[in-house]
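Student: next comes the sequence, and after it the predicted model I'd like to discuss.
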Amino acid sequence: MGIADRKAREFKRREEDIIQAAFDLFAEYGIESVTIDMIAEKAEVGKGTIYKHFSSKNDIFAVLIIRQGQELLEMLEAVPWDAPVLVQIKKTMRIFWDMHISDMRKFSVYRKCDQLLLMEDMGPDVLLEFEKQSSMKNEFIRGLVQRAIDEQIFKDESVDNFVAAAIGLFSGVFDTILAGEVKPSEELYDLIENMIFKGFMR
């Protein structure tokens with residue numbers, strides 16, 4: 001391995017160390033309370049080293065959010081398109097549920113990152129990628145709902161209303177879990193699923 005390759009690997013390793021340190025601190029203290037100095041100390045690098053990789057703390061938020069979005073899209077791509085639409089919808093709902101509650105530390109950080117992503121100093125390339133991922137996710141969900149309507153499984157209502165209701169229900173439950181008011185459980189998931197299908201189906 002040449003010197004250039006070794007330096008590139010070291011650069012990438014330091015970047016991953018910084019991202020992991022930031023994530024750990026965000027999960028423990030909350031994003032607003034964490035500073036670049038704290039991240040540098042946790043990652044055991046100089047503050048200047050962080051700025052070689054990221055222009056701001058928000059840049060680190062962006063990496064976390066973009067990675068989460070990519071992970072979600074990869075999971076959605078695995079949903080079998082030859083299955084009945086209700087099976088696809090149930091698998092999609094389960095992916096969203098499992099991804100959020102499987103690691104509460106990730107859930108808490110990503111929920112906050114999602115809210116802060118539109119801060120003013122986010123780079124246009126980051127916002128473009130985030131919007132692209134959001135569009136792909138929304139198109140996927142809307143496509144499933146539209147198929148269910150076309151196949152006369154769901155009521156003949158607005159796709160926008162169906163999607164808003166489903167996302168709103170999930171988001172509200174996730175926020176309640178994050179606030180510690182209720183714990184995630186199979187019983188809770190079953191209740192959400194039943195509420196959605198009983199409300200949507202003909």
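Tutor: Thanks, I have it. Numbering: from 1, shown residues only.

Student: once you drop chain neighbours, what's closest to Phe140?
Tutor: Counting by C-beta to C-beta, 6 or more residues apart in numbering, Phe140 lies nearest to Leu76, which is 5.4 Å off, once chain neighbours are set aside. The way it works is simple: take the backbone N, C-alpha and C, and place the C-beta from them, glycine included.

Student: residues contacting the one you found?
Tutor: Thr92, Ile95, Lys137, Phe140 (C-beta atoms under 8 Å, 6 or more residues apart in numbering).

Student: redo that, cut-off 7 Å
Tutor: By C-beta atoms under 7 Å, 6 or more residues apart in numbering, Leu76 lies in contact with Thr92, Ile95, Phe140.

Student: make TSV out of those residues and add distance to Ala8, neighbour count and secondary structure.
Tutor: Output for the contacts of Leu76, formatted as TSV (distance: C-beta to C-beta, whole Å; neighbours: other C-beta atoms under 10 Å; DSSP: H, G, I helix; E, B strand; the rest coil):
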residue	distance to Ala8	neighbour count	secondary structure
Thr92	38	18	helix
Ile95	34	15	helix
Phe140	35	16	helix
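
Student: return the helix or strand in the protein with minimum mean pLDDT.
Tutor: Within the chain, no helix or strand scores below helix 104-116, which has a mean of 73 by mean pLDDT, DSSP states H and E.

Student: so where does the residue nearest to Phe140 fall, helix or strand?
Tutor: helix 57-77 (DSSP states H and E).

Student: just the buried positions in that helix, please.
Tutor: For helix 57-77, the neighbour count (16 or more other C-beta atoms under 10 Å) marks 57-66, 68-69, 72, 75-76 as buried.

Student: cool, stretch 40-49 as well?
Tutor: Under 16+ other C-beta under 10 Å, the buried positions of stretch 40-49 are Ala40, Lys42, Ala43, Val45, Thr49.

Student: try stretch 130-137
Tutor: Here stretch 130-137 shows Phe130, Gln133, Lys137 as buried, counting by 16+ other C-beta under 10 Å.

Student: which of those lies closest to Gly180?
Tutor: Lys137 (27.4 Å; C-beta to C-beta).

Student: SS state for that closest one?
Tutor: With DSSP: H, G, I helix; E, B strand; the rest coil as the basis, Lys137 sits in helix.

Student: what's the distance between it and Ile101?
Tutor: Distance, Lys137 to Ile101, using C-beta to C-beta, to the nearest Å: 18 Å.

Student: do Ser171 as well
Tutor: 13 Å.

Student: neighbour count for these two, which is higher?
Tutor: Ile101 (19 against 13; other C-beta atoms under 10 Å).

Student: mind listing what the residue nearest to the spatial centre of the chain touches?
Tutor: Taking C-alpha atoms, centre = their mean, the centroid of the chain lies closest to Gln68, which sits 4.5 Å from it. Contact partners of Gln68, counting by C-beta under 7 Å, 6+ apart, are Tyr110.
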